[in-house]
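[1] Predicted model, plus sequence, below.
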Amino acid sequence: EAGVTQFPSHSVIEKGQTVTLRCDPISGHDNLYWYRRVMGKEIKFLLHFVKESKQDESGMPNNRFLAERTGGTYSTLKVQPAELEDSGVYFCASSLTKGAGDTQYFGPGTRLTVL
Amino acid sequence: GQNIDQPTEMTATEGAIVQINCTYQTSGFNGLFWYQQHAGEAPTFLSYNVLDGLEEKGRFSSFLSRSKGYSYLLLKELQMKDSASYLCAVHENNAGNMLTFGGGTRLMVKP
């Protein structure tokens, strides 16, 4: 079974540009999460989808970040316009259910560098 | 909010045993996960504890004490491939389904 995949693996853009990250969850997983790790910090939650609906977006830093999951399959995270502090590794995870203890399976991340 | 602490780095010798500690403060504990992450790769699930005690899974074991807000990951018969970061993450019952992570412990296994 394929795991969580993310594209691209790396992205280097200039401040003010737009970048779109993509995540394909494990097939059949209704729950999809975005996290990010900025340099020297811990991994932090951004938001949680259940199918196509945003269940929790309390971690989204500001309105420059837009996440979508049309059709309830893959998800995109767009940063527009990108700022220097947006640099970091963006992880996607998925889980079968949203119950306590349900394991979240992570993708390898997209390393975003904003110059 | 939560405060999750784990050592930044540890070094151990191949074949030895190492214990990686994690302490947490939370208002509504609902489980603790350990993940392993090799550089540039996805964090991979190792263990889940929600009740007090020890969960053993091959060379890896994880322990939880809810009253002390404490967990550890025990790695036995260390192998070079165990060199990685180990992430402690807590699920809080009034915080949706998000995981709150510690900073990770980078383990270096030496010959």
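    Yep, that arrived. Numbering: from 1, shown residues only, chains lettered A, B, ... in the order given.
[2] moving C-terminal of the lowest-mean-pLDDT helix or strand in chain A, what's the next helix or strand?
    Least confident element among the helices and strands of chain A, by mean pLDDT, DSSP states H and E: strand A:53-56 (a mean of 92). Next in sequence after strand A:53-56, counting helices and strands by DSSP states H and E, comes strand A:65-68.
[3] which of the residues in that next one are buried?
    If you call a residue buried by 16 or more other CB atoms under 10 Å in any protein chain shown, then strand A:65-68 has these buried ones: A:Phe65, A:Ala67. Just so you know, the C-beta spots here come from the backbone N, C-alpha and C atoms, and that holds for glycine as well.
[4] Equivalent analysis for stretch B:70-86, please.
    Across stretch B:70-86, burial judged by 16+ other CB under 10 Å covers B:Ser71, B:Tyr72, B:Leu73, B:Leu75, B:Leu78, B:Asp82, B:Ser83, B:Ala84, B:Ser85, B:Tyr86.
[5] got the contact list for that stretch?
    Stretch B:70-86 has contacts (CB atoms under 8 Å, 6 or more residues apart in numbering or on different chains) with B:6, B:12-24, B:32, B:34-39, B:46-47, B:49, B:59-65, B:88, B:104-109, B:111.
[6] Return the subset of the residues you listed lying in helices.
    Here DSSP state H is the test, and those give no hits in helices at all.
[7] Without its sequence neighbours, what residue ends up closest to B:Val18?
    Computed as CB to CB, 6 or more residues apart in numbering or on different chains, the closest residue to B:Val18 that is not its neighbour in sequence is B:Ala12, at 4.1 Å.
[8] Just the terminal-to-terminal distance for stretch A:93-109.
    End-to-end distance for stretch A:93-109: 9 Å, by CA to CA, to the nearest Å.
[9] quick one: contacts of that stretch?
    Applying CB under 8 Å, 6+ apart, the contact partners of stretch A:93-109 are A:3-6, A:9, A:23, A:25-26, A:28-33, A:35, A:37, A:48, A:50, A:55, A:89-92, B:30-31, B:33, B:35, B:40-45, B:48, B:50, B:91, B:93, B:97, B:99.
[10] In strands only, show me those.
    Among these, the members falling in strands (DSSP state E) are A:5-6, A:23, A:31-33, A:35, A:37, A:48, A:50, A:55, A:89-92, B:30-31, B:33, B:35, B:44-45, B:48, B:91, B:99.
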